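Colleague: coordinates only, no sequence provided:
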């Protein structure tokens, strides 16, 4: 293959026999992600009483986790056992599209979850009129279509670049690393990348922050019973949000702004956190913290056993 038609994932080189331990760990993590997320989706699908906005958004989050990890783990496990670590340019752009649309989808879904809690707590009497099934479906569709459209345009812009190298210092195809290999003008890519970060990361996070500040203000003015119930439904969302925000911050900061040389192992762990921790943490947090989901999951497990 000619230079520019494929990429070399350089971080797989010279890892020796540790590849087998990493392969085993990767298999366990991927199986756990699929199992726990599928269990949450199945529990909500089978229990009609859970067909409510909050639970449907949790389902959307689990589907997104399975979508994003499907682009990462199978390829990672294959590369760990392979002696060659090349990937065609088309496959690389596709992997980058799926991984970054997953990250953008996650942010917009978390924004909708914050909006749902905001309406439920701050405008309880209007909740059923605002969060109608039709409105919910439109919001969920938007939370998926808009980020995927933006990432798709970014992938198209990246595909048009003339590249002058093929070495990626990552274990997966990374948008910014691909752009850095270009020997053409990347101003349009950079500007559009900033637009994507603004509309799918910064703006959703600002809205989420606004929503939870308003919720806290309402809770302080309310009875202890109301406050306890509100915290019970909001705390899991906040845990998930903080976890994903920190993971995404590490990824964006490491790839674009930090020039300090970090140990390779630490750099890999920090860059992969947003792909590994949220998909396995999300179903565990919701499965254990929401009694209705937990009860249905236990029923499913008992029925199988």
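Modeller: Great, that's in hand. From a predicted model like this one, the values you see are computed outputs, not experimental measurements.
Colleague: all contacts plus neighbour counts: C-alpha atoms, from now on.
Modeller: Fine.
Colleague: spatially central residue in this protein, please.
Modeller: residue 103 (3.7 Å; C-alpha atoms, centre = their mean).
Colleague: OK, contacts around that one?
Modeller: Residue 103 makes contact with 68, 248, 274 under the criterion C-alpha atoms under 8 Å, 6 or more residues apart in numbering.
Colleague: mind listing what's buried in the one helix or strand in the chain whose mean pLDDT sits lowest?
Modeller: Lowest on mean pLDDT, DSSP states H and E among the helices and strands of the chain sits helix 224-256, with a mean of 78. Residues of helix 224-256 classed as buried: 227, 230, 233-234, 236-238, 240-241, 243-245, 247-251, 254-255 (neighbour count, 16 or more other C-alpha atoms under 10 Å).
Colleague: so how far is the helix or strand following it off the chain centroid?
Modeller: Downstream of helix 224-256, the next assigned helix or strand under DSSP states H and E is helix 264-289. How far helix 264-289 lies from its chain's middle: 9 Å, per C-alpha atoms, centre = their mean, to the nearest Å.
Colleague: quick one: the strands in this protein?
Modeller: 6-9, 86-88, 167-168 (DSSP state E).
Colleague: pick the most buried one from these.
Modeller: Among the strands of the chain, ranked by average contacts under mean count of other C-alpha atoms under 10 Å, first place goes to strand 6-9 (a mean of 20).
Colleague: that one pairs with which strands, and in what direction?
Modeller: Strand pairing for strand 6-9, using DSSP bridges, gives strand 86-88 (antiparallel), strand 167-168 (parallel).
Colleague: and the ones you listed, which one averages the lowest pLDDT?
Modeller: Per-stretch mean pLDDT for the strands paired with strand 6-9 is lowest at strand 167-168 (a mean of 83).
Colleague: what does that strand contact?
Modeller: 7-10, 174, 177-178.
Colleague: lowest pLDDT pick from the residues you listed?
Modeller: residue 10 (76).
Colleague: so it sits right up against residue 85, yeah?
Modeller: Yes - when contacts are counted by C-alpha atoms under 8 Å, residue 10 is listed as touching residue 85 (7.5 Å).
Colleague: if we can go back for a sec, any idea how far the residue nearest to the centre of the chain is from residue 209?
Modeller: Distance of residue 103 to residue 209, computed by C-alpha to C-alpha, to the nearest Å: 18 Å.
Colleague: check residue 84 too.
Modeller: On the measure of C-alpha to C-alpha, residue 84 and residue 209 end up 45 Å apart.
Colleague: which residue of this structure lies farthest from its centroid?
Modeller: residue 223 (35.5 Å).
Colleague: show me what contacts that residue?
Modeller: Contacts for residue 223 (C-alpha under 8 Å, 6+ apart) come out as none.
Colleague: which residues touch stretch 284-292?
Modeller: 36, 40, 50, 58, 233, 236, 240, 293-294, 297.
Colleague: equivalent analysis for stretch 105-118, please.
Modeller: Contacts for stretch 105-118 (C-alpha under 8 Å, 6+ apart): 53-54, 57, 60-61, 64, 131, 139-140, 143-144, 147-148, 200-201, 204-205, 207-208, 211-212, 214-215, 233-234, 237, 241.
Colleague: buried ones among those residues?
Modeller: Buried among the contacts of stretch 105-118 (16+ other C-alpha under 10 Å): 53-54, 57, 60-61, 64, 131, 139-140, 143-144, 147-148, 200-201, 204-205, 208, 211-212, 215, 233-234, 237, 241.
Colleague: residue 51 contacts residue 44, correct?
Modeller: Yes - assessed by C-alpha under 8 Å, residue 51 is found in contact with residue 44 at 6.8 Å.
Colleague: which other residues reach stretch 31-38?
Modeller: In contact with stretch 31-38 (C-alpha under 8 Å, 6+ apart) are residues 62-63, 65-66, 279-280, 283-284.
Colleague: closest to residue 24 among those?
Modeller: Within those, distances to residue 24 taken as C-alpha to C-alpha reach their minimum at residue 280, with 16.5 Å.
Colleague: and that closest one, how many residues sit next to it?
Modeller: When neighbours are defined as other C-alpha atoms under 10 Å, residue 280 has 22 of them.
Colleague: on that earlier part again, okay, and which of the buried ones among the contacts of stretch 105-118 map to helices?
Modeller: Counted as lying in helices by DSSP state H, out of these, are 53-54, 57, 60-61, 64, 139-140, 143-144, 147-148, 204-205, 208, 211-212, 215, 233-234, 237, 241.
Colleague: before we move on, back to that, I'd like the contacts of strand 167-168 as CSV, with distance to residue 270 appended.
Modeller: Converted to CSV, the contacts of strand 167-168 look like this (distance: C-alpha to C-alpha, whole Å):
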residue, distance to residue 270
7, 22
8, 21
9, 17
10, 17
174, 14
177, 16
178, 19
